[in-house]
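Enquirer: Pasting a predicted model and its sequence here:
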Amino acid sequence: MSSSGNKAQRTCLGCRVVCDQDQVVRYVLSPQGEVLVDYRRKLPGRGAYTCLERSCIETAVRRNQFDRAFKGRAGSRPDEGELTAALADQILERIVALLGMARKSAKAVSGSNLVLSALGGHGRIAFVLLAEDVSAGIADKVIGKADRMEIPCFRLLTKDFMGQVMGKGERSVIALASGPLAKAIMVELVRYKQIVGES
């Protein structure tokens with residue numbers, strides 16, 4: 001995972017591998033000594049880091065590495081489940097924000113008919129996002145067509161939440177047009193999957 005020249009690098013508390021700063025998760029201490037996830041790296045204070053892997057978080061907690069990194073100022077040993085859940089929540093917030101940007105910039109289409117049409121059109125679709133509660137019939141149609149075109153599919157959010165993100169009523173499927181925004185969302189989706197173990 002170790003990489004390039006001019007990028008800031010950080011050592012993972014779990015596996016001890018040196019990684020580019022944008023490939024690790026930052027943690028800070030609250031004034032009360034609680035270890036907090038700082039996924040967007042915006043909170044003040046000394047930082048500690050792990051890879052974006054559950055196993056690295058678990059190892060860092062088990063080996064008491066957070067307390068060492070914060071020089072004994074961590075109030076109590078953090079709960080690995082709480083850290084993992086907080087990280088998943090922050091990644092999900094980032095995905096939702098990026099999906100909102102995609103909607104506003106007309107880089108996303110939603111609704112099964114529009115997505116099926118987009119999958120058969122000339123525009124390049126980067127990936128498809130299906131709601132967790134999408135009907136089996138719609139899921140089969142969309143996934144079948146996406147598979148034939150070698151377009152990846154992910155499951156995330158509910159139909160209601162997906163509709164809110166798209167500024168519409170319930171939506172069971174969203175297709176993202178290829179481009180930098182789709183790439184950024186894809187990175188976050190893969191990270192989310194690594195943390196929560198979902199597709």
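Expert: Thanks, I have it. Residues are numbered from 1 along each chain as shown.
Enquirer: And Met166, how far from Pro44?
Expert: 35 Å (Cβ to Cβ, to the nearest Å). C-betas here are computed from N, CA, C, even on glycine.
Enquirer: So which of those two has more stuff around it?
Expert: Neighbours were counted for Met166 and for Pro44 using other Cβ atoms under 10 Å; Met166 has more, 19 against 7.
Enquirer: who does the residue nearest to that one when sequence neighbours are not counted bridge with?
Expert: What sits nearest to Met166 in space, not counting adjacent residues and going by Cβ to Cβ, 6 or more residues apart in numbering, is Ser110, at 4.5 Å. Ser110 has the following beta-bridge partners by DSSP bridges: Ile174.
Enquirer: Now do the same contact list for Ser110.
Expert: By Cβ atoms under 8 Å, 6 or more residues apart in numbering, Ser110 lies in contact with Arg103, Met162, Gly163, Met166, Lys168, Arg171, Val173, Ile174, Ala175.
Enquirer: try Glu34
Expert: Counted by Cβ under 8 Å, 6+ apart, Glu34 has contacts Ala74, Gly75, Pro78.
Enquirer: Pull out the buried members of these.
Expert: Burial by neighbour count, 16 or more other Cβ atoms under 10 Å: within the contacts of Glu34 this picks out Ala74, Pro78.
Enquirer: From the contacts of Glu34, which one has the minimum pLDDT?
Expert: Lowest pLDDT within the contacts of Glu34 is found at Gly75 (78).
Enquirer: which residues does that one contact?
Expert: Gln32, Gly33, Glu34.
Enquirer: Among those, name the ones in helices.
Expert: Members of these lying in helices (criterion: DSSP state H): none.
Enquirer: how about the helices in this protein?
Expert: Taking DSSP H, the helices of the chain run over residues 54-62, 65-69, 80-104, 112-120, 136-148, 159-165, 180-196.
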